[in-house]
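Enquirer: give me a 3D structure for the following:
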Amino acid sequence: MISIVQNETALKYKIPNFLLILYISIIPIQKIIWLPILHYKVQITEFIFLILLYFSIIFLKNLKDLNAKLLLIDKAILIWFTIISINYISNNNIYTLTELVGQYYLITLYFTIQLIFIQSDSKKIIQLLSKAIYLQAILIILTILLGLILLYFNLNIGVFQRFYSYPYFGNIYRLKALTNEPVMLVSILSIPFFFALSIEGKIKQKILKVSIISLIILLTIGKSTPFLVAILILGKNKIKWKNKITCQISKSIACLLIFISIFLSHIIITKNENRQHLGYGQSIPFYKIHSYHLYKSWYFIQKEKAINTFIQNPIMGVGGGNLVHTIATKNKTERKNNERSIAYDPLSTYSGVLSEYGIIGFTGLLFLIFSIYYEWRNSNLNLHSGVKWFFLACFSYFLLEAVCTDILNFRHLWIILGFFSVIIRTNKFANTTLSA
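Expert: Residues are numbered from 1 along each chain as shown. The predicted model follows:
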């Protein structure tokens, strides 16, 4: 009888764990399902999540038994939940509703992870995260290999994306595997990249893992790749400098990499007097230095439009997910038809939140960022070798990536947030948690 109960208990924990590993591993498989209005927002991961949510509900009863407490990051996320809910009420439209549902889903994913591991110790949590991260990386590699083999037989599944007249590179192919775009692949791979560097292991295996992941990242020709190198250089716990001068020089190089990446993403520098038939930015230069002409890129233009939209709607913004449609409507009204008038997604978390959620939403975002670093700084993650640096590296990368990308709808971001919080919770309230 006891054996049967133990088996049922073990199964109760194994199923959600297996589903979570499966969910994380197939995050890079995107653009498989297309639906009206939602387009590619609902993928296989969402169906797995529904099953995961069903099994994780059984852990709700543990909250009373364990007297679970909210972390500062939990409170920040609940505040964000409140802000986006109020934002929808004041900006009621289909685009804001779609964005709201997406944010509700990701917030639920975050708290689902808390429920699943509410009775687990941090060592087991890290082991599961390790399995999921490396399985995900393996699936990406297999996808790329399959794509290359099929290309040999003239079958293209889209692991490479063709870019015409790409700034500084011309016509090129960029690796994206089965993600939406190359920058998404870099973002997803940043997690196994930092994990392989952070967690102790055999040096040969570590070099092999980092080398393979680095090669894939390089083939994306992603603008955020220098961020990975910069964060690695700035990792105090992982690099021992011989003297202060070397330390300062290395930090200067890291900061320079970050600056150059952001600058060249926003400003296109070329000797061409016009870019009339080229994309990715303005056709007419805004400044000239000797024989070089400076053009505003898509990222620069969209931030301008986002800030202008924020100025017109400073308190609550125009509604989550509604910036691109607000700009498109304005362009149509003003009858503009040049490159600068095309409407794009926010292309930045910071300017996007300002324009869509106003100063209230931006304050909520800043508080969420503060809560992450507050919990990190005051955590006992040093009990686990390399884990504390791993999370710092991941969140630092996401903050930099957010300059040119809207990351709030990234599943992998909320996954890392969930694991970060639950590991902190198990360490902070170890006296009230039971081993699973």
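Enquirer: got any ranges where the protein has weak pLDDT?
Expert: 1-13, 62-68, 236-242, 333-344, 383, 429-436 (pLDDT under 70).
Enquirer: mind doing that once more with 80?
Expert: 1-13, 37-39, 58-68, 200-201, 236-244, 246, 276-277, 330-346, 382-385, 428-436 (pLDDT under 80).
Enquirer: secondary structure element holding residue 295?
Expert: strand 292-296 (DSSP states H and E).
Enquirer: got a list of contacts for that strand?
Expert: Strand 292-296 is contacted by residues 266-273, 275, 281-288, 304, 340 when judged by C-beta atoms under 8 Å, 6 or more residues apart in numbering. From N, CA and C alone the C-beta is placed, and that goes for glycine too.
Enquirer: mind giving me the PyMOL select for these, buried ones only?
Expert: Applying 16 or more other C-beta atoms under 10 Å to the contacts of strand 292-296, the buried members can be selected in PyMOL as follows:
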select buried, resi 266+267+268+275+281+282+285+340
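Enquirer: just the ones in helices from the contacts of strand 292-296, please.
Expert: In helices, defined here by DSSP state H, the members of the contacts of strand 292-296 are 266, 304.
Enquirer: does residue 356 touch residue 325 like I think?
Expert: No - counting by C-beta atoms under 8 Å, residue 325 is not a contact partner of residue 356; they are 10.6 Å apart.
Enquirer: name the residue in those two with the higher neighbour count.
Expert: Remark: of residue 356 and residue 325, residue 356 carries more neighbours, 31 against 16, as counted by other C-beta atoms under 10 Å.
Enquirer: residues touching the more buried one, list them.
Expert: For residue 356, the contact set (C-beta under 8 Å, 6+ apart) comprises 87, 99, 317, 318, 319, 320, 321, 322, 323, 346.
Enquirer: quick check, nearest of the residues you listed to residue 137?
Expert: Ranked by distance to residue 137 (C-beta to C-beta), the contacts of residue 356 are led by residue 346 at 28.6 Å.
Enquirer: so the closest one, which of the three states?
Expert: coil (DSSP: H, G, I helix; E, B strand; the rest coil).
Enquirer: so what are the sheet partners of the strand holding residue 295 and their directions?
Expert: Looking at strand 292-296 with DSSP bridges, its partner strands are strand 267-270 (antiparallel), strand 287-289 (antiparallel).
Enquirer: list the contacts of the last one.
Expert: Strand 287-289 is contacted from outside by 293, 294, using C-beta under 8 Å, 6+ apart.
Enquirer: count of neighbours near residue 276?
Expert: Counted with other C-beta under 10 Å, the neighbours of residue 276 add up to 10.
Enquirer: for residue 32, see how far away the nearest residue to residue 232 once chain neighbours are set aside is.
Expert: Spatial nearest neighbour of residue 232, chain neighbours left out: residue 197 (6.9 Å); criterion: C-beta to C-beta, 6 or more residues apart in numbering. As judged by C-beta to C-beta, to the nearest Å, residue 197 and residue 32 stand 31 Å apart.
Enquirer: and for residue 274?
Expert: Computed as C-beta to C-beta, the residue 274 to residue 32 distance reads 40 Å.
Enquirer: and residue 277, by the same measure?
Expert: Distance of residue 277 to residue 32, given as C-beta to C-beta: 34 Å.
Enquirer: what's the answer for residue 143, then?
Expert: 12 Å.
Enquirer: need the overlap of contacts for these two.
Expert: residue 178.
Enquirer: more neighbours, these two?
Expert: Taking neighbours as other C-beta under 10 Å, residue 143 and residue 32 compare with residue 143 leading, 17 against 12.
Enquirer: and that one, which helix or strand is it part of?
Expert: Using DSSP H and E, residue 143 falls in helix 122-152.
Enquirer: give me the buried positions along that helix.
Expert: For helix 122-152, the neighbour count (16+ other C-beta under 10 Å) marks 122, 124-126, 128-129, 132-133, 135-137, 139-140, 143-144, 147 as buried.
Enquirer: got phi/psi on residue 366?
Expert: phi -60, psi -40 (degrees, to the nearest 10).
Enquirer: what about it, neighbour count?
Expert: Neighbours of residue 366 under the rule other C-beta under 10 Å: 13.
Enquirer: what about it, distance to residue 132?
Expert: To residue 132, residue 366 is 30 Å away according to C-beta to C-beta.
Enquirer: likewise residue 253?
Expert: Applying C-beta to C-beta to residue 253 and residue 132 gives a distance of 33 Å.
Enquirer: I'd say residue 413 and residue 406 touch.
Expert: No - counting by C-beta under 8 Å, residue 413 does not reach residue 406; the two are 10.8 Å apart.
Enquirer: residue 27 contacts residue 136, doesn't it?
Expert: Yes - counting by C-beta under 8 Å, residue 27 touches residue 136, with 6.6 Å between them.
Enquirer: quick check: neighbours shared by those two?
Expert: Here residue 27 and residue 136 share the contacting residues residue 188, scored by C-beta under 8 Å, 6+ apart.
Enquirer: may I have the phi/psi pair for the closest residue to residue 133 other than its chain neighbours?
Expert: Nearest residue to residue 133, sequence neighbours excluded (C-beta to C-beta, 6+ apart): residue 192, at 4.8 Å. Phi and psi for residue 192, reported as degrees, to the nearest 10, are phi -60, psi -30.
Enquirer: any idea how far residue 24 is from residue 192?
Expert: Counting by C-beta to C-beta, the gap from residue 192 to residue 24 is 11 Å.
Enquirer: shared neighbours, those two?
Expert: With C-beta under 8 Å, 6+ apart as the test, residue 192 and residue 24 both reach 133, 136.
Enquirer: for residue 218, which residues are in contact?
Expert: Residue 218 makes contact with residue 225, according to C-beta under 8 Å, 6+ apart.
Enquirer: the host helix or strand of the residue nearest to residue 232 - contacts with which helices or strands?
Expert: Assessed by DSSP H and E, residue 197 sits inside helix 182-198. If contacts are counted by 3 or more C-beta pairs under 8 Å, 6 or more residues apart in numbering; DSSP states H and E, helix 182-198 sits against helix 122-152, strand 170-175, helix 203-220, helix 225-234, helix 387-401, helix 411-428.
Enquirer: ok, back up a step: residue 425: which of the strands paired with strand 292-296 is closest?
Expert: strand 267-270 (43.4 Å).
Enquirer: next one: residue 228 from residue 216, what distance?
Expert: 12 Å.
Enquirer: give me the more crowded residue out of the two.
Expert: Legend: neighbour count by other C-beta under 10 Å for residue 228 and residue 216, higher for residue 228 (24 against 20).
Enquirer: so what's that one up against?
Expert: By C-beta under 8 Å, 6+ apart, the contact list for residue 228 reads 186, 190, 193, 194, 217, 397.
Enquirer: wouldn't residue 322 be in contact with residue 92 here?
Expert: No - using C-beta under 8 Å, residue 322 makes no contact with residue 92, being 10.4 Å away.
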